[in-house]
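Asker: Next come a sequence and a model predicted from it.
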Amino acid sequence: MDTQSIPTLYDWAGGNEKLEQLTTLFYSKVHQDALLEPVFRHMSPEHAQHVAHFIGEVFGGPTRYTHNDHGSHASMVAHHIGKHLTEGMRKRWMHLLLESADELGLPSDPEFRSALVGYLEWGSRIAVLNSTATENPIQPNEPMPRWGWGVPGGPYQP
Ligand code: HEM
């Protein structure tokens with residue numbers, strides 16, 4: 001595959017529709033989970049869509065979180081401050097998200113899953129760290145994070 005034809009993680013995942021299905025299924029599981037339900041009890045009706053838009057933008061898709069939702073890296077981080085998330089909550093969060101990815105048939109090639117898990121591990125650990133912060137470590141004008149294929153360089157090629 002030449003570098004020009006390597007898809008973004010966003011396209012390979014199945015685009016916005018797939019990512020919104022992913023977060024919708026994930027939060028339906030969260031609301032039935034004894035450990036996570038209290039954490040997300042007061043989330044907004046748009047929360048699942050906003051998180052899908054955020055991940056899509058990080059994965060090289062359209063800037064929906066920035067431009068449709070008027071969000072930013074700093075505003076996303078702000079949502080986690082003071083939430084006092086634990087490692088147990090983070091592990092459950094990871095488990096339910098990856099279970100949702102399997103159930104929805106997101107690509108299962110080793111290359112994509114390496115990038116997906118890498119990003120989710122990175123982001124979820126930062127969310128836990130920020131959840132005990134008292135001040136936002138991200139400046140309002142800082143760019144959104146970006147995630148790519150990493151060492152494998154692109155999707156699986158038989
Ligand atoms: C890669 C990892 C993560 C991403 C990309 C992410 C993304 C986001 C985004 C975009 C929002 C704002 C949603 C909105 O605008 O309505 C948000 C809020 C929130 N997130 Fe995360 N998050 C991550 C990890 C986690 C983890 C691991 C937890 C807990 C175990 C968590 C708990 C929360 C909570 C409690 C809120 C606020 C909910 C409310 O408004 O009541 N997040 N997250």
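Answerer: Looks like it arrived, so ask away. Residues are numbered from 1 along each chain as shown.

Asker: Now residue 14. Nearest residue, chain neighbours left out?
Answerer: Distances taken as CB to CB, 6 or more residues apart in numbering put residue 106 closest to residue 14, at 6.7 Å, once the chain neighbours are dropped. All C-beta atoms are positioned from the backbone trio N, CA, C, and that covers glycine.

Asker: how close does the nearest residue to residue 147 once chain neighbours are set aside get to residue 134?
Answerer: Nearest residue to residue 147 in three dimensions, chain neighbours excluded: residue 119, at 4.5 Å (CB to CB, 6+ apart). In this structure, residue 119 lies at 26 Å from residue 134, with CB to CB, to the nearest Å as the measure.

Asker: Those two: which has the busier surroundings?
Answerer: Residue environment comparison for residue 119 versus residue 134 gives the larger neighbour count to residue 119, 19 against 6, counting by other CB atoms under 10 Å.

Asker: I figured the more buried one was touching residue 148, is that so?
Answerer: No. Under the criterion of CB atoms under 8 Å, residue 119 is not in contact with residue 148, lying 9.4 Å apart.
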